[in-house]
Structure formats: structure tokens, C-alpha cells
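> can't give you the sequence, but here's the structure:
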């Protein structure tokens, strides 16, 4: 005989499943402010225009990919928002529909690099730029570039916090970027490894969770950190004016979130993608979350426009090529720098 607790649990799962099944479209997205911005700027306009309903599923991109691969003819998700590494995996596994300006007209209004990033099997939706958040009281002359940041860290002008190898994207905005700025690149990351080791020896700390950075800044444990623009400005605007943010003059390396339509998805998915990429939805999303967006015609709230890293300030890493070298680079990092 089932306990009352088990019966309630089964009923709850059935209720959730029924709600998901009742929706006309199912979208995989991120939580927090990201989900709030998506609902306000994309889902509400889409539902109002079509009269259809959208269910948002929160979770991990790897989990979504595996779920779709397990049921490719009747996928559990219609549209997914994916970081570049996972998005290329979706493409390589043949799980995405090809998008064209005929099926998703707003693709024609995207920055060309963002429209072409997936060869048609997904396009960029938004991007974050990696810069520096710092304490104005302890960092009187903040670095203007990544080169300045490295120099000041090595000279112990401040205590810096850097993303560790276990933080998503560090191979791109961290190791590859430092290597390329110091005579290396895809086929030679030794200059990057050497400088990371030197910064560690000079007292730099490493974080695996972005919340660690804000806590360390508040306690005075660190003075400055590598940090995403949108997260930094949200923190500053939430009553922390004693901190500032710098977009590096030698390029803010980006992390890009794609939008992909799953193969065998509902026909509504293409319409949803088009709304998501419209200048109105993109401008609303960027103004809400302070990340840059792909539509070149998007306009932003004047109050926060200065906080959004502009397209001409970013550097787009060769994500796919970096992915091919991932295991080799991680192994070298662990041997030379540690975990």
C-alpha cells in the first residue's frame, strides 16, 4: 500500500506532466533573471500574438541534449537556448533544424557573425562580454585592458580573482585569450598557461561559482575580478555603487547563447524563434538582463544602454576549434597550475 506521501508525489508529477503536455510549445531556458527576461520579452509577446501557450523547462544543457537524443522523433523540447559548446554538440548530433531567413525572417537582421555561427543550425541570441569588476576604494586606477590586468596582478597592485579551469568558458575567455594576447593561440597556449601560473603565484584567487566573486569583493578578500558584464552591472545597480566595471580595450571575449529549433519540433517553434530574434524582443531582453544581443537593429533602455557591451568591443572565440583541444588544454592546466 502506498503511503500518503507517495500518493501526493505521484499526483504532483502527474500534474506537472499534464501542464507540460497541455502547452503548445516547450522551451528549454536558464533560470533567474534570464528566465524572467525571456518571459517578459519573448514569451508574453508570442502568446499574445498567437494565442498559444509556452512551457519553460529549466535545467542543464547537457541534460536537454541527452533527452532530445533519447526521443528524436518526438522531442521533449521544441526550442532550446544553448551555450556555444553544447550548441555545437546539438549540431554535430543532428538534433537541430536548419533555420533560414525564409523560415525565420529576423535572421536577416542579425549581425552576420551571429547569423552564421552555426551554419544555419542555430543562431546567436545574446552574448556576454568578459571584463573586470573592481572595488573603487582599493583600485584607484583600474586596468584598461587585459594586458593591464595581468601586469597589475603580477605587480600585486591588487588581489585579483580569476575564473578557474572548472568554470564554464574559461578555456575561451581565459586561457585562449591570454595566450593570443601574448604570442600564442590555438596551437600554442603555453604563454597563457605561464601567465596564469605567475598570477596564481602572485596571490590571485580562482573561482568556480560567480557568487564567490561578489562575496569576495564584499568581504574585501579580493579587489578586482574577471566577470561577465550583465552580472556585474546588475550587482552594481542593486545598491553597490562602490564597485565599477571595465570593458577591456583589447577586446571583451564573449560567451554566446544560441537559440536552436529542435528537429521534429512543433511548427510553432520557428515562429517563436522569429519573435525571439525580433528587434523589439531583443531590445527588451538586453535592457532587462544587460547582455548584448544579436539583432543589429535592437534599441535599448537609455538608463542601461551604457552597461551593454557593444558589438565592436567584443572578440568572438573560435569555439569549435577550442572544443577540439579541450581535453589537451585541461590536462596541461591541471599539470602546470592545478585544479
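All right, it came through fine. All of these numbers come straight from a predicted model, not from anything done at the bench.
> and the closest residue to residue 318 other than its chain neighbours, what is it in contact with?
Counting by Cβ to Cβ, 6 or more residues apart in numbering, residue 186 is the residue found nearest to residue 318 once chain neighbours are left out, at 6.5 Å. Quick note: C-beta positions are derived from backbone N, CA and C, even for glycine. Neighbouring residues of residue 186 by Cβ atoms under 8 Å, 6 or more residues apart in numbering: 176, 318, 321-322, 325.
> switch the cut-off to 10 Å
By Cβ atoms under 10 Å, 6 or more residues apart in numbering, the residues touching residue 186 are 176, 179-180, 317-318, 321-322, 324-325, 329.
> ok, so of these, who is nearest residue 153?
Nearest to residue 153, judged by Cβ to Cβ, of these is residue 179 at 16.3 Å.
> Mind pulling up the pLDDT for that closest one?
Here, the pLDDT recorded for residue 179 equals 97.
> ok, how many other residues are close to residue 316?
Using other Cβ atoms under 10 Å, residue 316 has 18 neighbouring residues.
> Oh, that last question was meant for residue 337, not what I typed.
As a burial measure, residue 337 scores 18 neighbours (other Cβ under 10 Å).
> unless I'm mixing things up, it is touching residue 206, no?
Yes: Residue 337 lies in contact with residue 206 (Cβ atoms under 10 Å); the separation is 8.6 Å.
> tell me, what's touching the two both at once?
Common contacts of residue 337 and residue 206 (Cβ under 10 Å, 6+ apart): 164-165, 196, 199-200.
> Switch these over to JSON lines; also include secondary structure.
Supplementary listing: these in JSON lines, determined by DSSP: H, G, I helix; E, B strand; the rest coil:
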{"residue": "164", "secondary structure": "coil"}
{"residue": "165", "secondary structure": "coil"}
{"residue": "196", "secondary structure": "helix"}
{"residue": "199", "secondary structure": "helix"}
{"residue": "200", "secondary structure": "helix"}
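> for whichever helix or strand residue 253 is part of, the distance to its chain's centre please.
Using DSSP states H and E, residue 253 falls within strand 252-261. Remark: strand 252-261 is offset 6 Å from the chain centroid, using Cα atoms, centre = their mean, to the nearest Å.
> so where do the strands sit in the chain?
Along the chain, the segments classed as strands by DSSP state E run 25-29, 54-58, 79-83, 123-135, 160-163, 205-207, 224-228, 243-246, 252-261, 292-293, 314-315.
> Off-centre distance for the third one?
For strand 79-83, the gap between its own C-alpha mean and the chain's C-alpha mean amounts to 10 Å (Cα atoms, centre = their mean).
> packing partners for that strand?
strand 25-29, helix 33-38, helix 61-70, helix 84-92, strand 123-135, strand 252-261, helix 268-276 (3 or more Cβ pairs under 10 Å, 6 or more residues apart in numbering; DSSP states H and E).
> pLDDT (mean, whole number) over the shortest one?
Spelled out, that is strand 25-29. Averaging pLDDT along strand 25-29 gives 97.
> do the same with the longest one
Confidence over strand 123-135, taken as the mean pLDDT, stands at 97.
> try the last one
Taken as a whole, helix 268-276 carries a mean pLDDT of 98.
> for stretch 297-308, same thing?
97.
> what's the most distant pair in the contacts of residue 186?
With Cβ to Cβ as the measure, no two of the contacts of residue 186 lie farther apart than 180 and 324, at 16.4 Å.
> Which one of those two is surrounded by more residues?
Comparing residue 180 with residue 324 by neighbour count (other Cβ under 10 Å), the higher total belongs to residue 180, at 22 against 10.
> From what I see, the more buried one and residue 192 are in contact.
Yes: between residue 180 and residue 192 there is a contact at 8.0 Å, judged by Cβ under 10 Å.
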